[in-house]
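Undergrad: this is a predicted model, with the sequence first.
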Amino acid sequence: MRNYLRDPSEFQRVYKNGKRYDGKFITVFVIRNQGLSHRLGVTASKKAIGKAVSRNRAKRLLRESFRSNEVPLRSLSQSYDWVMNARATVLTVKLNGPAQEFALIVEKVGNLEQTLLDSERQ
C-alpha cells in the first residue's frame, strides 16, 4: 500500500519544517517521519503550470519519478515525507529528467543522513 500526504496540515508541516531542494524540474521538501514507509505529496500549481491537463500530466510525471526511484528510497535508513512541487519546465521533458533529478536529491538526503549518523557515533 502506498502512503500519500493528503491533509493540507501535513503539507504545511513539511513546507515549514522540512529541508528544501531546488532543481530544474522540481522543488522537493523532505522531512523525517515516524512511520515505516515514505509518504509522498505532489503539487502542481495553476500559477506555475497553467491548465488542468498540464497540471495533471506534471503530477503523473512526479509520481512516476518517485515510483521509479524505489530502490534508492529503500536504501535510506529512515522514512521521510516528501513533497514534490512541479515547475513549468517539467512539461518540456519526458520522465527521465525529473526522475534523474529526484534520484540526485535522494542521494543528497542519503549523504546528509550518513553525515548525521557519523557525527552521532563520535
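TA: Received the coordinates, thanks.
Undergrad: any idea how far the nearest residue to residue 77 once chain neighbours are set aside is from residue 11?
TA: Distances taken as CB to CB, 6 or more residues apart in numbering place residue 113 nearest to residue 77, at 6.2 Å, with adjacent residues excluded. For the C-beta atoms, the positions are set from N, CA and C on the backbone; glycine is no exception. Applying CB to CB, to the nearest Å, the value for residue 113 to residue 11 is 22 Å.
Undergrad: check which helix or strand the residue nearest to residue 77 maps to.
TA: Remark: residue 113 resides in helix 96-121, with elements defined by DSSP states H and E.
Undergrad: in that helix, what's buried?
TA: 97, 98, 99, 100, 101, 102, 103, 105, 106, 109, 110, 113 (16 or more other CB atoms under 10 Å).
Undergrad: could you do stretch 65-82 as well?
TA: 65, 66, 68, 69, 72, 73, 76, 80, 81, 82.
Undergrad: quick one: the helices in this structure?
TA: With DSSP state H as the criterion, the chain has helices at 8-17, 46-49, 52-68, 70-74, 96-121.
Undergrad: nice, that's everything, thank you.
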